[in-house]
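S.K.: from the sequence below, what's the structure:
(one chain, ligands or ions: 1)
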Amino acid sequence: MLRHLVVTAAGLVFAASAFAQVTVKEPWVRGTVAEQKATGAFMQLNSAADARLIEVKSPVANIVEVHEMTMVDNMMKMRAVQGGLELPAGKTVELKPGSYHIMLIDLKAPLKEGATVPLTLVVQGKDGKKDSIEVKAPVRALNAAAPATMEQMHKAH
Ligand SMILES: [Cu+2]
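M.R.: Alright, predicted model coming up:
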């Protein structure tokens, strides 16, 4: 825990000095029930300069991946975005159910409505510089605006 706090503090300092122009809007995490081991985190990202979301970390899950949904043989499948999620300068990239999302896998405990999930977004600019952005995402009810099949799809991989 102490180590995590130290890393977080360093990330914030770095964010203030690097490009640091990634705006995060409306972050939220879909709540889970007992025994559910995965869920999605959603938000809108807007970067002032071309960048990529290359990594996401969270203390609530053992594995965190950036996913995309694609049609394969007429079926919606999800997979990890290779090489990071592109954030074109000035364009809002929406992470939402049925589209790009942050996958929280192997959850350490159920996420209840009203809780807050800390997420650390690692963004890399074209110059190779990395920046950390701390996000606090509120947990919304399980059935909030999400396709019912999403959880089933995650079981497939
Ligand atoms: Cu996913």
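
S.K.: make it CA atoms for all contacts and neighbour counts henceforth
M.R.: Fine.

S.K.: number of nearby residues for L85?
M.R.: 19 (other CA atoms under 10 Å).

S.K.: what's the pLDDT at it?
M.R.: pLDDT, L85: 97.

S.K.: so what's it bridging to?
M.R.: When assigned by DSSP bridges, L85 has beta-bridge partners L53.

S.K.: give the contact list for it.
M.R.: 52-54, 66 (CA atoms under 8 Å, 6 or more residues apart in numbering).

S.K.: from the residues you listed, which is closest to G84?
M.R.: The nearest member of these to G84, counting by CA to CA, is I54 at 4.3 Å.

S.K.: can you tell me how far the closest one is from Q36?
M.R.: 26 Å (CA to CA, to the nearest Å).

S.K.: higher neighbour count, those two?
M.R.: I54 (19 against 15).

S.K.: test my guess that that one contacts V123.
M.R.: Yes. At 5.7 Å, I54 counts as touching V123 under the criterion of CA atoms under 8 Å.

S.K.: and the next element down the chain from the helix or strand bottoming out on mean pLDDT in the chain?
M.R.: Lowest by mean pLDDT, DSSP states H and E among the helices and strands of the chain is helix 2-17, with a mean of 45. Note on helix 2-17: by DSSP states H and E, the next helix or strand toward the C-terminus is strand 22-30.

S.K.: excluding covalently adjacent residues, which one is nearest to V33?
M.R.: Distance criterion CA to CA, 6 or more residues apart in numbering; nearest residue to V33, sequence neighbours excluded, is P110 at 5.8 Å.

S.K.: then stretch 123-133 to PDB, C-alphas only?
M.R.: What follows is stretch 123-133 as a C-alpha-only set of coordinates in PDB (Å, rounded to 0.1, in the frame of the first residue of the first chain):
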ATOM      1  CA  VAL A 123      -0.300   7.800 -21.600                       C
ATOM      2  CA  GLN A 124       2.600   8.000 -23.900                       C
ATOM      3  CA  GLY A 125       3.200  11.000 -26.200                       C
ATOM      4  CA  LYS A 126       4.700  10.900 -29.600                       C
ATOM      5  CA  ASP A 127       8.100  11.900 -28.100                       C
ATOM      6  CA  GLY A 128       8.000   8.700 -26.000                       C
ATOM      7  CA  LYS A 129       7.400  10.500 -22.800                       C
ATOM      8  CA  LYS A 130       5.000   8.800 -20.400                       C
ATOM      9  CA  ASP A 131       2.500  10.500 -18.200                       C
ATOM     10  CA  SER A 132       0.300   9.100 -15.400                       C
ATOM     11  CA  ILE A 133      -3.200  10.300 -14.900                       C
END
